[in-house]
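J.: take a look and give me a structure for this.
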Amino acid sequence: MKSRSKATAACKAGHVKVNGYTAKPSQKVAVGDTVTYRFQGFDRILEVVKLLQTRVGAPIAQTAYIDHSPPLPEPFVMMSLPRRERGSGRPTKRERRELDRLRGRDTNEGRF
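T.: You can find the predicted model right below:
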């Protein structure tokens with residue numbers, strides 16, 4: 001699959017935002033715009049520095065943006081996170097509360 005068709009699919013799925021708004025595949029960007037997109041489960045945040053008129057190689061393309069993405073977590077941290085088995089369905093109420101407790105969220109917010 002070509003990169004342009006992958007980009008179009010990502011835009012249609014709502015994974016690409018320009019200045020905080022969901023982007024269409026044909027949306028124009030300008031210098032100073034912030035582009036956020038999902039890549040391998042993590043958000044990448046790029047600031048457009050200059051516009052390129054033609055397709056260029058990766059080293060030249062990297063000069064056209066500034067990457068403001070947070071660093072990716074270490075691989076051993078990612079492996080230690082609990083995961084549900086694929087196809088096991090939605091978590092039960094009990095499982096959801098356990099997940100919230102594990103993530104440090106208060107499950108009793110807004111309750112009397």
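
J.: wait, His15 touches Gly41, no?
T.: No: between His15 and Gly41 there is no contact under C-beta atoms under 8 Å: 10.8 Å. C-beta here means a position set from N, CA and C on the backbone, and glycine is covered the same way.

J.: neighbour count winner among these two?
T.: Neighbour count, other C-beta atoms under 10 Å: between His15 and Gly41, His15 has more, with 16 against 7.

J.: next secondary structure after the helix or strand of the chain with the lowest mean pLDDT?
T.: The helix or strand of the chain with the poorest confidence is helix 75-80; it has a mean of 66 (mean pLDDT, DSSP states H and E). For helix 75-80, the following helix or strand on the C-terminal side (DSSP states H and E) is helix 93-103.

J.: ok now that following helix, how far from the chain's centre?
T.: 24 Å (C-alpha atoms, centre = their mean, to the nearest Å).

J.: where do the helices sit along this protein?
T.: Using DSSP state H, the helices found in the chain span residues 3-12, 58-61, 75-80, 93-103.

J.: tell me the most buried of the ones you listed?
T.: Comparing the helices of the chain by mean neighbour count (mean count of other C-beta atoms under 10 Å), helix 3-12 comes out on top with a mean of 13.
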